[in-house]
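1. next input, structure requested:
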Amino acid sequence: MDPEEVSSLFRAFRQESEGLSREYEGSGLGLAVTRQVLDQMEGTIDVETEPGEGTCFTVWLPAVDEKRLEEAA
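-> Numbers count the residues shown, from 1 in each chain. You can find the predicted model right below:
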């Protein structure tokens, strides 16, 4: 993946390859939904990409302390 594409990955319906002859199938919603869920959970997602090698996504979620868990119940 081209590193310049990373900033637009999280837009709904966006895919790296577009058009009728695109390489991969899908709706382009997966990463947009993932980012929204992580935002609600106070988490983040990091992207590392190397053209011709691959892309690594890392999801970070905050640890839950027991006091917050009891307050939510």
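2. longest helix of the protein, counting residues only.
-> Taking residue count as the measure and DSSP state H as the definition, the longest helix of the chain comes out as helix 30-40.
3. now do it, average pLDDT.
-> Within the predicted structure, the mean pLDDT of helix 30-40 is 94.
4. any idea how many residues pack against residue 9?
-> Counted by other Cβ atoms under 10 Å, the residues lying close to residue 9 total 21. For glycine as for every other residue, the C-beta is placed from the backbone atoms N, C-alpha and C.
5. for residue 69, that is, sorry about that
-> Quick note: residue 69 (other Cβ under 10 Å) scores 9 neighbours.
6. tell me which helix or strand it sits in.
-> Per DSSP states H and E, residue 69 falls inside helix 66-72.
7. which residues touch the residue nearest the centre of the chain?
-> With distances taken as Cα atoms, centre = their mean, the chain has residue 31 as the residue nearest its mean C-alpha position (3.9 Å). The contact partners of residue 31, taken as Cβ atoms under 8 Å, 6 or more residues apart in numbering, are 9-10, 45.
8. tell me which of those residues is nearest to residue 51?
-> Lowest distance from residue 51 to these (Cβ to Cβ) belongs to residue 9, with 14.5 Å.
9. for the closest one, give me the pLDDT.
-> pLDDT, the model's per-residue confidence, is 84 for residue 9.
10. likewise for the one 5 residues further on?
-> Note for residue 14: predicted pLDDT of 74.
11. surely it is within a strand?
-> No: residue assignment for residue 14, taken from DSSP: H, G, I helix; E, B strand; the rest coil, gives coil, which places it outside any strand.
12. tell me how far the longest helix of the chain is from the chain's mean position?
-> A distance of 6 Å separates the centroid of the chain from that of helix 30-40, by Cα atoms, centre = their mean, to the nearest Å.
13. what residues of that helix count as buried?
-> For helix 30-40, the buried set under the neighbour-count rule, 16 or more other Cβ atoms under 10 Å, comprises 31-32, 34-35, 38.
14. from residue 6, how far out is the residue nearest to the centre of the chain?
-> Residue 31 is 10 Å from residue 6, where distance means Cβ to Cβ, to the nearest Å.
15. next, count neighbours for residue 53.
-> By the criterion of other Cβ under 10 Å, residue 53 has 9 neighbours.
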